[in-house]
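> Model the structure of this input:
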Amino acid sequence: MKKIKVFLAAFVNQTNAQNLSCRALAKYLDKEKFIVYSLQINHGDLPKIKGPGMKLFNCRYPVRFFGPVGFIWGFWKADVVYLPKTSFLRLQKLLVWIFNVRTFKTMRNVIDDKSLDIALAELRKATKGDINAGYDFVDHVYSMTPFMANHNKKHWGINSQRNLLLPPNDFTSFQKKSRVRHVLENAIFIGNDWKRKGLSDYIALANAFPELTFHVVGKGNEKLYKNEIKYDNVEFHGLLIESQLLELVIKADLHILPSHSEGLPRVWLETLANGLPSILYSGYGMEDFVKNGKTGFVLNEFLDLKNLTRSILTDEVSLEELSKNCIEESINYHPKKLTSSYEEAIQDLYYE
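Residues are numbered from 1 along each chain as shown. As a prediction, the model looks like this:
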């Protein structure tokens, strides 16, 4: 059987949600069925990858020049192209027209008022009416959640395929060091874009529970949020590479992401695999994935978050049971299992 040549248009040795998903795909796609092409950069913060069935184009500095060269190489080589990002969007559209290869995209977010500015910035000088321009030139578009598919269709006219494509996340390092939590002492928040992700609610929770330690991972205006802190119980760690993040996740007892605007949070999969329960907010469809009260909680507002934290602290809600359930549930999201859905999507496109 002829192997399908797939180009993953991402930099698989640089930390970024889409890059990391493509890194997992490059690793787990069945090399008996596929030849994988993708990109790497000289100054990436992750080790370069290699292996049978993988062909990587090395983009030297400056990436703004060699990145497009890599895209041209990938389109030239491929039968099917996966475009997870909006990088070099105009070039993407031109290459689709020139090479006439089969293409697909995945949507990362529910495009709402909070994420709209980000979506417009990625399209550069676009208006609200142009949101669909980031998706309308490919053959298939996939959503990560049913909520995302319905919302973005209703508000922006973006049509998704019926089946979902969840981002494969190579969380095996988190899974290998999983542990069952027993007592709540350390909470963790992971993410950038702190305003959208609700860091103020997280800080307010820290003010309500001075006996707990609250860790913040990611990039943002520390000075602004430090002004909201009443006690010496919040620690800012900045951006961390995976090994550093893993050390902190292992230490934590509860993951909190008080955002109403997300896609399918990558950190939810990593923390789930490590046995770390998550408390999330509603508004983007996590109710379809979190087993409420068993593997975590999806709440509506800060008061719910505050009351639940108190219940976990007093053991009215068993942190130990939540943690055990997380480890068991993570098996359903193993990257190899999620990659099989991408294999089907690629084959559907190729033979269509």
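> How many residues are close by the nearest residue to residue 213 once chain neighbours are set aside?
By the measure of Cβ to Cβ, 6 or more residues apart in numbering, the closest residue to residue 213 outside its immediate chain neighbours is residue 186, 4.9 Å from it. All C-beta atoms are positioned from the backbone trio N, CA, C, and that covers glycine. Neighbouring residues of residue 186 were enumerated by other Cβ atoms under 10 Å; the total is 16.
> what does residue 136 give?
Number of residues near residue 136 (other Cβ under 10 Å) recorded here: 14.
> next one: residue 307
If you count neighbours by other Cβ under 10 Å, residue 307 ends up with 10.
> separation between it and residue 225?
Residue 307 is 23 Å from residue 225, where distance means Cβ to Cβ, to the nearest Å.
> ok, now residue 306?
Taken as Cβ to Cβ, the spacing of residue 306 relative to residue 225 amounts to 18 Å.
> for residue 52, same thing?
Relative to residue 225, residue 52 is positioned 47 Å away (Cβ to Cβ).
> neighbour count winner among the two?
Comparing residue 52 with residue 225 by other Cβ under 10 Å, the one with more neighbours is residue 225, at 18 against 7.
> Now do the SS call for that one.
Of the three states, residue 225 takes helix under DSSP: H, G, I helix; E, B strand; the rest coil.
> Could you chop this protein up by domain?
Each structural domain of the chain that the record assigns through automatic domain parsing is listed here as a residue range: 4-168+335-351, 172-333.
> With mean pLDDT as added columns, please give those in JSON lines.
As requested, those are arranged in JSON lines below (pLDDT from 0 to 100):
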{"stretch": "domain 4-168+335-351", "mean pLDDT": "89"}
{"stretch": "domain 172-333", "mean pLDDT": "95"}
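> who are the neighbours in contact with residue 194?
Contact partners of residue 194, counting by Cβ atoms under 8 Å, 6 or more residues apart in numbering, are 218, 220-221, 225.
> which among those residues gets closest to residue 326?
Relative to residue 326, the closest of these is residue 218; by Cβ to Cβ it sits at 21.7 Å.
> how long is stretch 9-17 from one end to the other?
13 Å (Cα to Cα, to the nearest Å).
> can you list contacts of it?
If you take Cβ under 8 Å, 6+ apart as the criterion, stretch 9-17 is touched by 18-19, 21-23, 26, 38-41, 44-49, 56, 59, 63, 67, 71, 74, 81-85, 87, 92, 108, 167, 241-242, 266.
> same deal with stretch 166-180?
So stretch 166-180 is in contact with 17-18, 20-21, 23-25, 27-28, 106, 144, 242-243, 246, 249-250, 264, 266, 269-275, 320, 323-324, 327, 330, 333, 335-336, 338-339, 341-342, going by Cβ under 8 Å, 6+ apart.
> Take these and keep only those in helices.
When DSSP state H defines the helices, the subset of the contacts of stretch 166-180 inside them is 17-18, 20-21, 23-25, 27-28, 242-243, 246, 249-250, 266, 269-273, 320, 323-324, 327, 335-336, 338-339, 341-342.
> Can you flag the buried ones in the contacts of residue 194?
Among these, those that count as buried by neighbour count (16 or more other Cβ atoms under 10 Å) are 218, 220, 225.
> What's the PyMOL syntax to select whichever of the ones in helices among the contacts of stretch 166-180 are buried?
This is the PyMOL syntax for the buried subset of those, where burial follows 16+ other Cβ under 10 Å:
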select buried, resi 17+18+20+21+23+24+25+27+28+242+246+249+266+269+270+271+272+273+323+324+327+335+338+339+342
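> tell me which strands and helices the one helix or strand residue 103 maps to is in contact with?
Following DSSP states H and E, the helix or strand that holds residue 103 is strand 102-106. Using 3 or more Cβ pairs under 8 Å, 6 or more residues apart in numbering; DSSP states H and E as the contact criterion, the neighbours of strand 102-106 among helices and strands are strand 80-82, strand 140-142, helix 335-351.
> ok, the residue nearest in space to the middle of the chain - contacts?
What sits nearest the mean C-alpha location of the chain, by Cα atoms, centre = their mean, is residue 266, with 3.4 Å. Under the criterion of Cβ under 8 Å, 6+ apart, the contact list for residue 266 reads 17, 20-21, 167, 169.
> Mind listing the strands the helix or strand harbouring residue 189 pairs with, and their directions?
In this assignment (DSSP H and E), residue 189 forms part of strand 186-190. The strands that strand 186-190 pairs with in its sheet are strand 213-217 (parallel), strand 254-257 (parallel) (by DSSP bridges).
> Just say which of those is most tucked in.
Scoring the strands paired with strand 186-190 by mean neighbour count under mean count of other Cβ atoms under 10 Å gives strand 254-257 as the most buried, with a mean of 25.
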